[in-house]
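K.L.:
pasting the sequence and the predicted coordinates here, then a few questions.
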Amino acid sequence: MKSAVTALESLKKSRTSVIEERKAAARQKIEQIKARIRMMRMSMPADPKAAAKMVAQLARELGAAVKAYASAGGAMSDIGGGASQGAAGAASATEATATEAPGS
């Protein structure tokens, strides 16, 4: 009976470890995307269409990473809650650049 309890406890620890690893990987991906958004904001490309494509790609990646984090049991407050705000801010900055560009 003790071995069954020990095995069950081991399985629970293993499952918890896997969940924590998934959350950590998703959290790391989110932080990488947020850093890419910050870098893009600092060096907006001259071509507004290219910038819009980059922002759209980052937004898709960020959405997928946040979804993966949430499915692993992570809370938005654990990742700063501003992950999607970063993509939205970059998108609005790009839209402003695109509307100000001559000849567009």
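P.N.:
Received, thanks. Just so it is clear, the structure is predicted and the values come from calculations on it, not from any experiment.
K.L.:
use CA for all of it now, contacts and neighbours both
P.N.:
Fine.
K.L.:
Leu58 sits in which helix or strand?
P.N.:
For Leu58, the host element (DSSP states H and E) is helix 48-71.
K.L.:
so how far is Val55 from the residue positioned nearest the centre of the chain?
P.N.:
Residue closest to the average C-alpha location in the chain (CA atoms, centre = their mean): Ile30, at 2.9 Å. Per CA to CA, to the nearest Å, Ile30 is found 14 Å from Val55.
K.L.:
how about low-confidence regions in the protein?
P.N.:
Flagging of the chain using pLDDT under 70 yields the residue ranges 45, 77-78, 80-104.
K.L.:
on the three-state scheme, Met44 is what?
P.N.:
Assigned by DSSP: H, G, I helix; E, B strand; the rest coil, the conformation of Met44 is coil.
K.L.:
hmm, it is touching Ala50, no?
P.N.:
No - with contact defined as CA atoms under 8 Å, Met44 does not count as touching Ala50 (9.5 Å).
K.L.:
quick revisit: angle of the helix or strand encompassing the residue nearest to the centre of the chain against helix 48-71?
P.N.:
In this assignment (DSSP H and E), Ile30 forms part of helix 2-42. Put simply, helix 2-42 runs at 160 degrees to helix 48-71, going by axes from the mean of the first three to the mean of the last three CA atoms, to 10 degrees.
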